[in-house]
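Novice: Dropping the sequence and predicted coords here.
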Amino acid sequence: MSDARVPILMYHAVATDPNEATRALSVTPEAFAEQMAVLADRGRTPVTTAELASCWRSGRALPERPVLITFDDGYEGVHRHALPALAEHGFPATLFVTTGWLRGPYDTGGGLDTMLDWDQVRELAAAGVEIGGHSHSHPQLDQVSEATLRFELIHCKEIVSDQLGAVPASFAYPYGYSSRRVRQAVRETGYAQALAVGNGLARRAQGPYALRRVTVRRGTGIEEFERVVEGRAITRTFARDRALTKGYAVVRGTRRARRLISRTEG
């Protein structure tokens, strides 16, 4: 159905003992396995980001009770802990990699915890995980210059293409932040769709470059997880997140305006 509301789950680290930088947005391996079992028990059909967008773009029907399982950044636990749980149920997923954070030849040292290496990323891809882009160094893309924005998008795409032998079709905005300028640049770079955050269900009407996701974190209990997947009480569940996001958007907008004024005066 074209007006379907689809839950897109946003994960980060899957770890027993994450560091403080990633703890709040991590889940334990046990919690992740239980959440995947809930999806299976509820008859959910996971699809990749590319598959969802392709269906909505072409008008093809989605499978029954679709859901997306997505991971940001590229933490090592996605391979160590999440992949076995996904494989147990035959679930596909999408991993959005920050190419400058992954271990290997392009590592800038910015990774927040133990990150994947490229061999692990290739193993994830071979197991049915779509690999998408998440920029090179994870900046707030709506706050950087045009040159930096283009570099972050193009360099990320080129590295993924080189390492996997396949061009990434999907993108996720670092921190979930975008603007009309950023979305246009993502489209012009060749990504066919992109995910934000928004903490709401995804709908075709949002457009392929602003699809919303819901955050799964360490404090997400199994009952809350079930409610979110079914689309119940989402506004109440994420009320605090939305208030913080709106407040920070004002601050970031003010900072950007000051920078533009400074450049003009300079």
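Specialist: Sure, I can see it. Since this is a predicted model, take the numbers as computed values, not measurements.
Novice: What confidence value was assigned to Asp3?
Specialist: With respect to pLDDT, Asp3 scores 72.
Novice: what's the answer for Phe238, then?
Specialist: Predicted confidence (pLDDT) for Phe238: 76.
Novice: and what of the one 5 residues further on?
Specialist: Reading off the confidence values, Ala243 has pLDDT 40.
Novice: Use 30 as the first number for this chain going forward.
Specialist: I'll keep to 30 as the first residue from here, and by that count the last item is Ala272.
Novice: low-scoring stretches of the stretch 130-279 of the chain, by residue?
Specialist: 268-279 (pLDDT under 70).
Novice: at 80 instead, please
Specialist: 262, 264-279 (pLDDT under 80).
Novice: Show me where it has its strands.
Specialist: 158-162, 199-201, 222-227, 240-244 (DSSP state E, counting those that start in this stretch).
Novice: Would you mind finding the most buried of the ones you listed?
Specialist: Among those, strand 199-201 has the highest mean neighbour count (mean count of other Cβ atoms under 10 Å), at a mean of 29. Where you see a C-beta, it was placed from the backbone N, CA and C, and this is true even at glycine.
Novice: Throw the strands of the stretch 130-279 of the chain into TSV and include distance to Pro168, thanks.
Specialist: Formatted as TSV, the strands of the stretch 130-279 of the chain follow (distance: least, Cβ to Cβ, whole Å):
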stretch	distance to Pro168
strand 158-162	13
strand 199-201	14
strand 222-227	16
strand 240-244	19
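Novice: Quick one, which of these gets closest to Ala50.
Specialist: With respect to Ala50, and counting by Cβ to Cβ, the nearest of the strands of the stretch 130-279 of the chain is strand 240-244 at 16.3 Å.
Novice: That closest one - contacts with which helices or strands?
Specialist: strand 37-40, helix 78-87, strand 222-227 (3 or more Cβ pairs under 8 Å, 6 or more residues apart in numbering; DSSP states H and E).
Novice: quick one: which of those is nearest Pro197?
Specialist: By Cβ to Cβ (comparing all of the helices and strands packed on strand 240-244), the closest turns out to be helix 78-87, at 9.2 Å.
Novice: rewinding a little: Arg86 is nearest to which of the strands of the stretch 130-279 of the chain?
Specialist: Nearest of these (Cβ to Cβ): strand 222-227, 8.2 Å.
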